[in-house]
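> build me a structure from this.
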Amino acid sequence: MSNRKTSPSIILAANLLIGVILVFILWVLKDVLVPLAFAGILAILLLPVCAFLERKRFPRVLAISLTILIVFGIVILVITLMVGQIRSLDEVWPQMLEKGEEWLKMGQNLLSEKLNMQQAEQLTKGREYLTELLKSSSSLISGTLSNTTGFLANLALIPLYVFLMLLYRDFFEEFLFKLFKNVAHDSVLVVTNKIKDVAQNYMSGLILVILIIGALNTLSLLLLGIENAFFFGFFAAVLVLVPYIGVAIGSILPIILALITKDSAWYAVGVAISFGVIQFLEGNFITPYIVGSKVSINSFAAIVALILFGNLWGIGGLVLALPLTAIVKVLFDSIDKLKPWGFLLGDVEED
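Residues are numbered from 1 along each chain as shown. Prediction:
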């Protein structure tokens with residue numbers, strides 16, 4: 001028998017091919033994998049509540065059902081509060097229309113003065129641009145709607161996925177023991193417990209960050225006298241789920257509202273500055289202190305993960321990027337051959 005070693009170039013090529021195939025599978029099956037990933041993280045997050053009820057001698061099925069019902073109740077309460085806030089925006093619509101007409105006239109006057117373009121010519125050009133925009137966006141809209149329909153259909157299965165994952169958790173644990181039969185059961189349990197801790201600490205920390213940022217946003221909007229401060233403050237806070245840019249994106253709506261409802265543009269500037277300060281505090285102090293200590297991923301790895309998962313899975317990928325990367329790091333740190341990659345994902349130790 002030949003004892004020749006496989007060429008390093010062949011090994012590299014094989015690894016690259018496996019990576020490409022894996023990424024392709026992740027992209028093709030995104031409508032299925034994203035809800036499953038959300039369900040897995042939610043199941044880990046809800047596990048302590050379910051386990052607590054089971055210790056109180058609730059049957060497992062009843063404990064899981066009560067846990068999911070509690071989550072549904074919280075979600076319905078949040079949606080009810082948001083709908084109430086959105087309805088109150090009806091009072092702003094007349095102001096929006098009035099301000100829109102004012103801006104339109106200003107734009108027409110600017111075009112007339114600077115470009116010598118008469119109103120009839122402006123309308124003709126506007127119709128041309130609008131027609132081209134509609135033509136180019138029609139295929140995009142139809143494709144987006146078809147993809148969104150399939151995604152929402154799979155998203156509706158998340159409660160069922162969570163229920164089954166919690167119900168069969170002992171079965172999954174036994175599967176891992178059989179899969180890694182050459183590894184001591186204690187070692188397998190250590191890794192699974194680390195994954196649970198990472199997911200639970202990340203999500204619980206993230207919820208606390210959302211509450212803190214929401215309170216700061218709301219307070220700043222109240223001080224500036226912006227209407228619907230509670231809604232806009234916590235809407236921007238929820239966008240913390242999209243790291244680094246979430247609060248900045250959430251500031252756009254209250255800035256527009258300030259421009260519409262206030263006599264001075266300085267209110268909009270005040271919203272931008274206050275949200276910018278909060279974004280700075282969130283990115284550099286609040287999130288690193290509350291969440292960062294629980295998820296040891298360096299900034300470079302986090303940004304690359306956000307870009308990769310965002311391109312693969314869209315908005316869902318942006319939300320899942322950090323917890324999934326943290327779980328991958330735990331797995332890498334547990335396998336000798338992959339420990340260098342786990343080191344690459346981890347925090348940089350300062351001298």
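> got the contact list for Leu224?
Ala258, Tyr267, Gly270, Val271, Ser274 (Cβ atoms under 8 Å, 6 or more residues apart in numbering). Heads up, the C-betas are built off the backbone N, CA and C, glycines and all.
> repeat the analysis, applying 10 Å as the threshold.
Contacts for Leu224 (Cβ atoms under 10 Å, 6 or more residues apart in numbering) come out as Pro254, Ala258, Lys262, Trp266, Tyr267, Ala268, Val269, Gly270, Val271, Ile273, Ser274.
> residue ranges with poor pLDDT in the stretch 1-150 of the chain?
1-6, 85-150 (pLDDT under 70).
> can you do 50?
Residue ranges of the stretch 1-150 of the chain with pLDDT under 50: 1, 122, 134, 137-138, 140-141, 144-145.
> all helices of it, in order?
For the stretch 1-150 of the chain, the helices defined by DSSP state H, counting those that start in this stretch occupy 8-28, 30-55, 60-87, 93-115, 119-155.
> nearest to Ala156 among the contacts of Leu224?
Ala156 has its nearest neighbour among those in Pro254, at 31.4 Å by Cβ to Cβ.
> what residues sit buried inside the top helix by length along the chain?
Assignment by DSSP state H gives helix 185-224 as the longest helix of the chain. By 16 or more other Cβ atoms under 10 Å, the buried positions in helix 185-224 come out as 188, 191-192, 194-196, 198-203, 205-206, 209-210, 212-214, 216-218, 220-221, 224.
> which residue is the nearest non-sequential neighbour of Phe163?
Ile64 (5.6 Å; Cβ to Cβ, 6 or more residues apart in numbering).
> contacting residues around the one you found?
43, 46-47, 49-50, 53-54, 58, 162-167, 169.
> tell me the spacing between Phe24 and Ile18.
Separation of Phe24 from Ile18 (Cβ to Cβ, to the nearest Å): 11 Å.
> wait, I meant Asn298
25 Å.
> comparing those two, which shows the higher neighbour count?
Each of Asn298 and Ile18 has its neighbours counted (other Cβ atoms under 10 Å); Asn298 has more, 13 against 10.
> can you report phi and psi for that one?
When quoted as degrees, to the nearest 10, the phi and psi of Asn298 stand at phi -70, psi 160.
> Ala326 versus that one, what's the distance?
Asn298 is 12 Å from Ala326, by Cβ to Cβ.
> so what sits against both of those two?
Counting by Cβ under 10 Å, 6+ apart, the contacts common to Asn298 and Ala326 are Leu345.
> SS state for the closest residue to Leu208 other than its chain neighbours?
Residue nearest to Leu208 in three dimensions, not counting chain neighbours: Ile290, with 5.6 Å by Cβ to Cβ, 6+ apart. Here Ile290 is helix, with the state taken from DSSP: H, G, I helix; E, B strand; the rest coil.
> so who does Ile290 touch?
By Cβ under 10 Å, 6+ apart, the neighbours of Ile290 are Asn201, Ser204, Gly205, Leu206, Ile207, Leu208, Val209, Ile212, Glu282.
> closest one of the residues you listed to Lys181?
For the contacts of Ile290, the nearest to Lys181 is Asn201 (29.9 Å; Cβ to Cβ).
> wait, the closest one sits on Ile327?
No - between Asn201 and Ile327 there is no contact under Cβ atoms under 10 Å: 11.9 Å.
> what helix or strand is the closest residue to Leu211 other than its chain neighbours on?
Sequence neighbours aside, Ala237 is the residue nearest to Leu211 in space, at 7.6 Å (criterion: Cβ to Cβ, 6+ apart). Using DSSP states H and E, Ala237 maps to helix 229-238.
> next: Asp263.
With DSSP H and E as the criterion, Asp263 is inside neither a helix nor a strand.
> tell me the pLDDT at it?
The model reports Asp263 with a pLDDT of 77.
> ok, the one 3 residues further on next?
Predicted confidence (pLDDT) for Trp266: 87.
> for the helix holding Ala237, give the mean pLDDT please.
86.
> report the buried residues of it.
Applying a neighbour-count criterion of 16+ other Cβ under 10 Å, one finds Ala229, Phe230, Phe231, Phe232, Gly233, Phe234, Phe235, Ala236, Ala237 buried in helix 229-238.
> distance to Gly250 added to those, as a markdown table?
Output for these, formatted as a markdown table (distance: Cβ to Cβ, whole Å):
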| residue | distance to Gly250 |
| --- | --- |
| Ala229 | 13 |
| Phe230 | 13 |
| Phe231 | 11 |
| Phe232 | 8 |
| Gly233 | 9 |
| Phe234 | 9 |
| Phe235 | 6 |
| Ala236 | 2 |
| Ala237 | 7 |
